[in-house]
Each structure stands twice: as structure tokens, then as C-alpha cells.
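>>> Build me a model:
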Amino acid sequence: MATILAHPLGMEHKAKPHQIDQSMWTNLLASFDDEKFMKEMVNTHAPEEGDVDVQSLFHLVDNTLHGTTAIVDSIVNPKGTQGSGSPDFKPLKEGFNPPLAAINEVGCQLTCKVLDTKNVRQTLVSLFHELSSYSWVNKALITLSSFAAFYGDFWRLARVEPSDKLAESMAILKGLPAITKPSDPQKIQVFGDLNEMIKTTLNMTQCIVDFEHDSKDVPELSTMIDVPSSVYQIIISILACCIQFTSLISTVDDNKGKDLPIFARKVKMIHHTIKRHYEHFLTKKEEIKEYQRLQRLFNAPTDNVELIKALFYIKDDPQPLFIGSKKTRDKVESLRRKNVLLLISDLKLTSHDLSILTKIYNERKFCEERYEIVWVPIIEQEGEDVIKQFQNLQLQMPWYSVHSPTLVNKVAIRIIKEKWHFRQDTMVTVLDPQGKVSNQNAMSMIRVWGWDAFPFTGAVAADIWNRPGISWFELLVTDFIFPKIQEAIKAEKYIFLYGAEEPKAIQEIEESRKKMINDGVSTVACNVTKSQLFWTRLESCILSKLQTRADLHEPLMQDILRLYTNFKKDGGFVVFTKGSRVVINDSHVHVTKVLVQYETWKKHVNVNGKTFDMVFREQFDQVSILPRCHHFCIPNMVGYIPEDVKCPVCPLMMNNIVKLLLTGPPRRCRRRKFTTVIAPARTAATLLPGSSFPASSPLPNRPLNSLRRRKCRVWAAAHDRAYPQLLYASHSPLSRQPRAPGRFTAVGCAHARRPSAGLTARSPPTSHFPILGGETH
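Residues are numbered from 1 along each chain as shown. The predicted structure follows:
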């Protein structure tokens, strides 16, 4: 080490005092952003086993530099450091032996060769080759250790006891009296600026050391900081500090730190970037830990209060709940030993849903049975308008709600989306007093049955659906949607329930009805094309029935699915009834063929005792053609997608596949309206919107993450023995074909290819995009 100290002081033979020319600083500064040179240095990395203990070495370096920089601070600003006390030193690991050979060799490179050659890049090459066998963090630590030994050895002599004549003599030989009592205040200020730059470099190194230590238990976050490039920049910063310090303590110094501010700003910028990445890493790591904690809690709750507390940031507000009926705040503990209905929604909670829930909340038995409702808003947007919307909704609720949407735990939102499958539609999750989920989503049954479904468990839903004499038509057409429709049903009037996307189809139906009315045939029309309430109720009926694990072949289920499928597949449907008795339930394509021919077949009415509906049915049977393929669609409901479904018209099993249609133009081509992805139905639960995509799914030319961020629609079709391998095997390659915008594409396998089915992908009037379907030939 004596050799290392002798060089900068000019004590060997008759060497000239070391001076720094401008080219050295220019080359060194340019090295920070030279990606090609950095890549060359990174490629020298060849670590070996048995590396140095990072934490122990860092404690040594940290203690040395903290103590040394404190001495320099007291010299540069004596008044400012009075009363600051000595720095806190970290305890050292007993028996730790630092890599002295490497530290000494690197020290020689830093303090001697760089000034002799005046080629900083050559010095950097030598340093990286010398440190090639060490880990990235240890490269930085060994380099910083070499500088710390040099810097600390010099400044420790600034604080010596008067009786220590040896230390006093060494201090004079090093020129310390001239530095500590300078005649040039500008030079002492340069020492202060350099000292701050050294502190920044130490802090940069600490970020890398802490990141390496903290990322060991979260390997998925290990790339959040580019450690090799960070170490490269740290070593350049150390080299700059060493060159500047050597220049300052030399007997000749014409530079006087003129270039130091430029370097200091650059080092601060680098430190700011590394620190920001490290803080972002800590945030992500905390989210992962919170996510794991909440997962355990959601999977095995012991108390409903514990689970509900996890939904909110209780530390930010011990009273996160707002009681709408009392306009007061309350703690989560008030819900202990109660059954809780978690109302989970965004700000698009409909007035219809609010009115249903309000009626339930005001039921006397609801309070007597110790039930409560808590609104948990899932709001992604921010701003004053959002807060006003939230407050307006909150004032309409007599039950509990979170006081502010910012108190909802974002990690809990992620769990709710993943575990309870919240998308955008309002859902109600029922918790018992122990925090266990009695019903993951009771909203469908609440919309259909209201208070009759209390206490909103799966068993109650099954009992209700098993009641004899349920009319699916009366379930769908209520007075709330169509005023006085029940009077028409009781009077056994003829009723047309219809919906179609194309105005021409609606026009044909309504013109035919006018002709019937003119002929004295009284009919009631229910056009549901733009009726949000009807489509919500229809899907709620299907989902509520599916939640009971109902047989898809039940007549009631098939009738509802037929109506839904006709709209999704053909873009329209018509249901014709006499009272509640359904006469026709089919696609508008077939029914309008009969209606436009009304003038030709109306003469058969009341002939041979045939009523209007009987003649209508006969004419329909004549013009309708049985479809080549039987298929049906069901709304997306993650958590229950039928897999083994037997065809209702033949003994074959329906083998399902799933198509995801991504709404919005792909980045590659803005003219295309949809992108289709096809996969086996057994993976449907993971392929549905918002779920995790299986890593094995070969989705061509599109990252999986980009699919998660898009709204999707799902279509599934199954095929019989005519195409036994058509999208059948769960491990067969998935396919995607170009097609016309807005049309589904049928895709075959290597053994069979089926022509395009030509099914038009039409958007329903509401946002009920996801569909699962089955098909047989």
C-alpha cells in the first residue's frame, strides 16, 4: 500500500508531478454513454465459484468511506458539522477476509497506471479483466474498496493527537497542513464537491448491493435493475473520483476541479435513475408479498373482519367505512359475526341494480338475520369528476361503503379479479361470519329472483330453479322491463318478443304486425334490440342457472340458450307466444320469411278450427330448414364452462374450442377490426378475458400481455365424427387465419380443412361480449 500512496505524491525517483489533461476527462465522461465500449466490458464477465461475501465487504467499504467523508466535511465546513457526532459504523463479520490481492491490484490501476498512460479506456479494460472472475456487485465493491483505502488512509491523518508524532510527520509528508489550512478557499471547496460525489457513488453502490440481496427471494424481479451497466457506470465514477483526488493532492494542480461539476451532475443523474429503479423494485416486491399474504387469507379466512380489512388500507384510515343511512364513519370491526354481501362494481352501477339491492336491504328479515351490504368500488380512473360520481352513487346507498375509493387496496383488487373473476359487470360476493365465500357471485340470482333468493346461496338457487311450472318467457318479460306485459300474458294475447341488429329485419316484423292489427289480430310487440335491462336479465337467467351446475339439455335451458344463440349467431331472434305459451322461438332470418308472406297464408286462419298461432306455426315449419350443425352460445362466466357436453339432437359428444376476438385494431394493421385466437375449450377458463394465458399457448406474433389488456369475445364450436380432429386435441398447434373484418373463421387441423363457416361477429347492444358455444354436425 506504501507504493500506492507514493505515486500520487511524486515520491518515486524523479517523476514529474502528475497532471490531468482535458482529454482524460473528455474520454472518461464519454465512456458513460458509450454502449459499444460498455458491451465489450460486460462481455469480459466470467464469474467463478466461491465469490466474496458481498455484505461483509460492503460493510467494510461503507464504514471506511462514511468515516472518511465525515472528516472531510468537518474540514470543509467546520461550523456546519459541529454537534453532528461520529458516523454510525456497521458491525463487521468476525473472521471475514477481504480479497486483498485484488484490492491492491485494482488500487494500483486506479492511482498509478491511469495517470502514467493517460488513457482511461485502457485503464477500464485492465480493471474489467482483472475483475472478470468476480460477480458484478463484487466488481464494484472491490474497486470502491481500493479507492476507500486510498482515500481513508490519506484523510485519517487529519485527525491525530498532538502526542502522536509519527502521524503528525506522515501528515506533513502528505501535505495535509496545506490542505486543512488552505490559502486558496476555491481548492477546499473542490474537496467538498468531490466528497459529495464520493458519497453519491457510495449510495449508488449500496442500491446495487441491496438490490442483489433483496431480489434473491423474488427472482421474477431480478431484472428490474440492469446490474452490469450500473456496475460499469459505478466503476467509471470511482475512477473519476480517484483521478480528481490525485490531482488535488498533487503539488502542482492547474485544473483545480474545473471539470468536477460536470462529472458530479452526471453521477447524480445515474444515481437518481438507479435509486428510482430500486424504489420501484421495493414497491413491486411489497406488492408481491402483500399479494401472497392476501392469497393465503382469501384461500383460508378465519374471520370476515380479517378478510374485509384486507380489502382496504386500514393503516391510512382506521375508520374506512361510511354508513349511508347514518352519514357517519365506522370501523370494519362492526361487521364481526355478520353475514356480509360485498357489492363489487365500478362507477357504472345501474339504478336498476341499486333498486333491487335497496329493496333487499330494507327487508326486515335481512337485518334480523344479521346481514349487511358493503360496497367495494373498483375504480381505475382518477380526477375530480370520478370522485363526484363516486360520491353521488354513495349517497344513494343506505348500506356500508368505503369512505374513499383510494382506500381500496390495489393488491386486493387484483385478487378480486383473479380469484372472484371480477371483470366490469357488477357482482355480489356473499361472506359468512367466518369470512368463507357462500356464493362467489350472487348478482345474477338477485337480478332474477330478488328477495326470494335470500340468503343467496347456491343451494337456494338450485331449489328455486327446481320449482315446477317455471316459465322462462315470464322470467324474461317482466313489468319492470315491459309495463303491463303481465296483463297481456294473463289475457293470452299474441306477443312478439324480438330483437335484431339490422333495421331492415325490425322493419319487416313491424310492418307485418301492422297488417295483422288491421285484420283484427291483436298483438303486443316487445322490441328488445336496445333494451339493456332485457339483455342483462337474459344473461342473468343463464348464468344463475349455470351456477347450479344445471344440465344444458333441460328444456328450459335449451329454450333460453336458443334465444341467446339466435341473436349471437344470426344477429336477431323472434319469439312468438300466446300468453306464456311459446309458439315459435327461432332466428329472425326464418321467422321474417313467414311474416313477409302473411298476405298469402292469413286466409287459412279460422279455417277447420285453426287459430292464428296454429297457422303461423304450420307456415313456419314449411319454410324453416333444420340447421346442418346444432350449436349454442352461453355468456362468459369464468369458473364454470361446460366441457363434456352431449349433443341434444344426437348421441355424440360436443368437443369445444374457444375463439378470442380482440376488439380494436391490431397494431400491425389498423384496417382490421378483429384478431382471432383459437384454443381448445379445456383451456377456456384461462383464456377468457382478464385471466392468465397459459405459457404454452402459441399465439402467433402477439405477446400474451397485450392480449390481457384488450377486451375479448369468446366463441366455441364443437364438431362430430365428420371432422374428428378439427380443433380437437388440446396439444395440437393453434391456428389463426386472415379473414374479413368482423367475421368468424373456422380453422381445420393438418388432417381436415373445413370451409369458412361465415358466421358474422356482431356486437350486441350491450357489452356482453364473451360467448362460449358448442356445435355438432
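>>> Excluding covalently adjacent residues, which one is nearest to the residue sitting nearest the centre point of the chain?
The residue lying closest to the centre of the chain (C-alpha atoms, centre = their mean) is Arg414, at 7.1 Å. The shortest distance from Arg414 to any non-neighbouring residue, by C-beta to C-beta, 6 or more residues apart in numbering, is to Tyr291 (6.6 Å). Where you see a C-beta, it was placed from the backbone N, CA and C, and this is true even at glycine.
>>> and the one you found, that one's in a helix?
Yes. Looking at Tyr291 with DSSP: H, G, I helix; E, B strand; the rest coil, it is inside a helix.
>>> Help me confirm that it comes into contact with Lys410.
No. In this structure, Tyr291 is not within contact of Lys410 by C-beta atoms under 8 Å, at 10.0 Å.
>>> Between the two, tell me which one has more neighbours.
Shown here are Tyr291 and Lys410; by other C-beta atoms under 10 Å, Tyr291 has more neighbours (15 against 12).
>>> Pull the number of nearby residues for Ile323.
Applying other C-beta under 10 Å, we find 16 residues neighbouring Ile323.
>>> Please give me every residue in contact with it.
Residues counted as contacts of Ile323 (C-beta atoms under 8 Å, 6 or more residues apart in numbering) are Arg329, Asp330, Trp399, Tyr400.
>>> Next SSE downstream of the helix or strand containing Ala459?
Using DSSP states H and E, Ala459 sits in helix 458-465. Note on helix 458-465: by DSSP H and E, the next helix or strand toward the C-terminus is helix 472-476.
>>> List the contacts of that following helix.
With contacts defined as C-beta under 8 Å, 6+ apart, helix 472-476 is touched by 448, 486, 489, 497, 534, 537-538, 541, 556, 559-560, 575, 577, 580, 582.
>>> Mind checking which of those residues are buried?
By neighbour count, with 16 or more other C-beta atoms under 10 Å, those hold 448, 489, 497, 534, 537-538, 541, 559-560, 575, 577, 580, 582 as buried.
>>> Can you pick out the most distant pair from those residues?
Between any two of the buried ones among the contacts of helix 472-476, the greatest separation by C-beta to C-beta is 19.3 Å, found for Val448 and Thr577.
>>> Not counting sequence-adjacent ones, nearest residue to Asp479?
Nearest residue to Asp479, sequence neighbours excluded (C-beta to C-beta, 6+ apart): Gln486, at 5.4 Å.
>>> Report the separation between Phe480 and Asn27.
According to C-beta to C-beta, to the nearest Å, Phe480 and Asn27 sit 80 Å apart.
>>> When these two are compared, which one has more neighbours?
Asn27 (16 against 12).
>>> Doesn't that one lie inside a strand?
No. Asn27: not assigned to a strand; according to three-state DSSP it is helix.
>>> got a list of what it touches?
Asn119, Val120, Arg121.
>>> between these, which has the most around it?
Of those, with other C-beta under 10 Å as the count, Val120 tops at 22 neighbours.
>>> Check the burial of the closest residue to that residue other than its chain neighbours by counting its neighbours.
Here the nearest residue to Val120 in space, its sequence neighbours aside, is Leu28; by C-beta to C-beta, 6+ apart that works out to 4.6 Å. By other C-beta under 10 Å, 23 other residues sit near Leu28.
>>> The one 3 residues further on now?
Neighbour count of Ser31, defined by other C-beta under 10 Å: 20.
>>> Numbering from 184 from now on, please.
Done: numbering now begins at 184, and the last item shifts to Ser214.
>>> any idea whether the spatially closest residue to it that is not a sequence neighbour is helix, strand or coil?
Take Ser214 and drop its neighbours on the chain: the residue closest to it by C-beta to C-beta, 6+ apart is Ile419, 5.4 Å away. State at Ile419, reduced to three classes by three-state DSSP: helix.
>>> tell me the mean pLDDT over the one helix or strand Thr383 maps to?
Using DSSP H and E, Thr383 maps to helix 368-397. What helix 368-397 shows for mean pLDDT is 91.
>>> And it, what's buried?
For helix 368-397, a neighbour-count test (16+ other C-beta under 10 Å) marks 371, 373-374, 376-385, 387-395 as buried.
>>> by contact count, what packs against that helix?
Applying 3 or more C-beta pairs under 8 Å, 6 or more residues apart in numbering; DSSP states H and E, we find helix 368-397 packed against helix 237-259, helix 319-338, helix 359-363, helix 410-432, helix 443-482.
>>> which stretches of the stretch 384-533 of the chain have low pLDDT?
Applying pLDDT under 70 to the stretch 384-533 of the chain flags residues 434-440.
>>> picking that back up, so which of the buried ones among the contacts of helix 655-659 comes closest to Cys550?
Nearest to Cys550 out of these is Val631 (C-beta to C-beta; 23.3 Å).
>>> could you say what helices and strands whatever helix or strand that closest one lives in packs with?
Using DSSP H and E, Val631 falls within helix 626-632. Judged by 3+ C-beta pairs under 8 Å, 6+ apart, the packing partners of helix 626-632 are helix 534-544, strand 610-614, helix 641-648, helix 715-730.
>>> Output it in PDB with nothing but the alpha carbons.
Output of helix 626-632 as PDB, limited to C-alpha atoms (Å, rounded to 0.1, in the frame of the first residue of the first chain):
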ATOM      1  CA  MET A 626     -75.800 -10.900  -8.600                       C
ATOM      2  CA  SER A 627     -77.400 -13.000 -11.300                       C
ATOM      3  CA  MET A 628     -79.800 -14.700  -8.900                       C
ATOM      4  CA  ILE A 629     -80.500 -11.400  -7.200                       C
ATOM      5  CA  ARG A 630     -81.500  -9.800 -10.500                       C
ATOM      6  CA  VAL A 631     -83.700 -12.700 -11.500                       C
ATOM      7  CA  TRP A 632     -85.300 -13.700  -8.100                       C
END
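>>> Need the residues that contact that helix.
With C-beta under 8 Å, 6+ apart as the test, helix 626-632 has contacts from 536, 539-540, 543, 608-611, 622, 636, 639, 643-644, 647, 658, 719-720, 722-724, 726-727, 730.
>>> Now it: average pLDDT?
On average, helix 626-632 scores 95.
>>> And stretch 640-659, by the same measure?
In this model, stretch 640-659 carries a mean pLDDT of 92.
>>> Buried residues of that stretch, list them for me.
Those would be Thr640, Gly641, Val643, Ala644, Ile647, Trp648, Ser654, Trp655, Phe656, Leu658, Leu659, for stretch 640-659 by 16+ other C-beta under 10 Å.
>>> These: which two are farthest apart?
Longest span within those, C-beta to C-beta: Thr640 and Phe656, 26.9 Å.
>>> so where is this protein shaky, pLDDT-wise?
For the chain (pLDDT under 70), the answer is 184-206, 232-233, 263-270, 297-301, 360-367, 434-440, 810-812, 819-827, 831-834, 838-960.
>>> quick revisit: tell me the contacts of the residue nearest to Ser214?
By C-beta under 8 Å, 6+ apart, the contact list for Ile419 reads Leu211, Ser214, Phe215, Leu307.
>>> quick revisit: return the closest of the buried residues of stretch 640-659 with respect to Ile817.
Lowest distance from Ile817 to these (C-beta to C-beta) belongs to Trp655, with 14.6 Å.
>>> tell me which element the nearest residue to Phe759 once chain neighbours are set aside falls in.
Excluding its sequence neighbours, the residue lying closest to Phe759 (C-beta to C-beta, 6+ apart) is Ile767, at 4.3 Å. Remark: Ile767 resides in strand 764-770, with elements defined by DSSP H and E.
>>> Show me how far the helix or strand just after that strand is from its chain's centre.
Following strand 764-770 in sequence order, the next helix or strand is helix 771-778 (DSSP H and E). The chain centre lies 46 Å from the centre of helix 771-778; the measure is C-alpha atoms, centre = their mean, to the nearest Å.
>>> Who are the packing partners of helix 771-778?
Short answer (3+ C-beta pairs under 8 Å, 6+ apart): helix 771-778 packs on strand 677-683, helix 686-701, helix 738-753, strand 755-761, helix 795-806.
>>> Could you give me the buried positions within the second one?
Of the residues in helix 686-701, those with enough neighbours to count as buried (16+ other C-beta under 10 Å) are Ala688, Ile689, Glu691, Ile692, Ser695, Arg696, Met699.
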